[in-house]
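Chemist: Pasting the sequence and the predicted model now:
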Amino acid sequence: MSLKYTMEVMELLDDANINGQQVVDLFKDKKYVEASYETVKGDKGSTDFVKITIKGENGKSSGGDAPTLGVVGRLGGIGARPSRIGLVSDADGAVAAIATALKLAVMSEKGDRLPGDVCVTTHICPDAPTEPHEPVDFMNSPVDIFTMNKYEVTPEMDAILSIDTTKGNKVFNHKGIAISPTVKSGYILKINDDLIRIMEMTTGDLPATFAVTTQDITPYGNGLYHINSILQPAVATDAPVVGVAIVARTAVPGCGTGASHEVDIAQAVRFSIEVAKEYTKKQFEFYDVEEYKRIEALYGSMKHLQTLGNE
């Protein structure tokens, strides 16, 4: 039923007057949910950062010890008004994150509570600026990436799925979703076998992954090329981060309208929900803990890649 909630959230967000309060109101009657928002102003306007916590039976929010999964809906803005009318392609990450939260909230009320908490964050801006980018234009944001990470990457997140539209490139040749290798503390680690298994199960298709470069895991603002902001949460935490890219066969501008595909977004929602079920039950980790200790012992810390560098 992920498609139902995806369509409901898309319809809600496709509004010139949408704001964080309207998103929070989706959850006001949900028993096991805490939802809040904060308006933050930047040099190019303002946006509403939304945080939705679906409480698990043994989650940290209730004094338990089950791990917390973070689901970050990454984007510059859900709309580019007044230059574009309607929901832009870049909105897919926000739609997927909020739809994931809504489905989990409904599941919890029906008796299917997860062991641990799921913390969902994103931001709502219907009139964000655009910016030039090759091969197609991107969405910009009213606030900088460090502000986004401050509100979207929270200390309770033990592992993070970062969902982002990743269509403004010529890297992919399929439509649907793809996942990245795990990124942790400046290291690009191997692609996780359990996440591959869950992707095969939820999509009913062969797994799709994408390459990550060193540039992609460094912060925006250093003058280097980034495929997009999908792995920017990794610069703000030592928790393992995996990018969930919503992709297309062709290069689609982030500021393009009529380019959001409900079925593709719903794939990201289903995937995130199944990851949440298993991860908060401690059935797998996002990375090989012992191998990570070994690589750090051999080669030292790579946390300098989480900074802007020497300049």
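Modeler: Sure thing, it's come through. Nothing here was measured: the structure is a model prediction, and the numbers come from that model.
Chemist: Check the gap between residue 99 and residue 11 for me.
Modeler: According to Cβ to Cβ, to the nearest Å, residue 99 and residue 11 sit 11 Å apart. C-beta here means a position set from N, CA and C on the backbone, and glycine is covered the same way.
Chemist: These two: which is more packed in?
Modeler: The neighbour comparison of residue 99 against residue 11 (other Cβ atoms under 10 Å) goes to residue 99, with 30 against 11.
Chemist: what are the phi and psi values for that one?
Modeler: The phi/psi pair for residue 99 (degrees, to the nearest 10) reads phi -60, psi -40.
Chemist: and residue 166, what does it touch?
Modeler: 172, 178, 210, 227-228, 230, 243, 245-247 (Cβ atoms under 8 Å, 6 or more residues apart in numbering).
Chemist: how about the nearest residue to it, chain neighbours excluded?
Modeler: Distance criterion Cβ to Cβ, 6 or more residues apart in numbering; nearest residue to residue 166, sequence neighbours excluded, is residue 245 at 3.6 Å.
Chemist: buried set for the helix or strand containing the one you found?
Modeler: According to DSSP states H and E, residue 245 maps onto strand 241-247. For strand 241-247, a neighbour-count test (16 or more other Cβ atoms under 10 Å) marks 241-247 as buried.
Chemist: again, but for stretch 63-82
Modeler: Under the neighbour-count criterion of 16+ other Cβ under 10 Å, stretch 63-82 has 64, 66-80 buried.
Chemist: and these, which of them are in strands?
Modeler: Within the buried residues of stretch 63-82, residues falling in strands by DSSP state E are 69-74.
Chemist: Beyond the strand holding residue 245, next helix or strand please.
Modeler: helix 262-279.
Chemist: so that following helix versus strand 69-74, what angle?
Modeler: Interaxial angle, helix 262-279 versus strand 69-74 (axes from the mean of the first three to the mean of the last three Cα atoms, to 10 degrees): 160 degrees.
Chemist: what does whichever helix or strand comes after helix 262-279 contact?
Modeler: Later in the chain than helix 262-279, the nearest helix or strand by DSSP H and E is helix 289-299. By Cβ under 8 Å, 6+ apart, the list of residues contacting helix 289-299 from outside reads 184, 187, 189.
Chemist: can you pick the most crowded of those residues?
Modeler: With neighbours defined as other Cβ under 10 Å, the most crowded of the contacts of helix 289-299 is residue 184; it has 23 neighbours.
Chemist: Right, I'll call it a day here.
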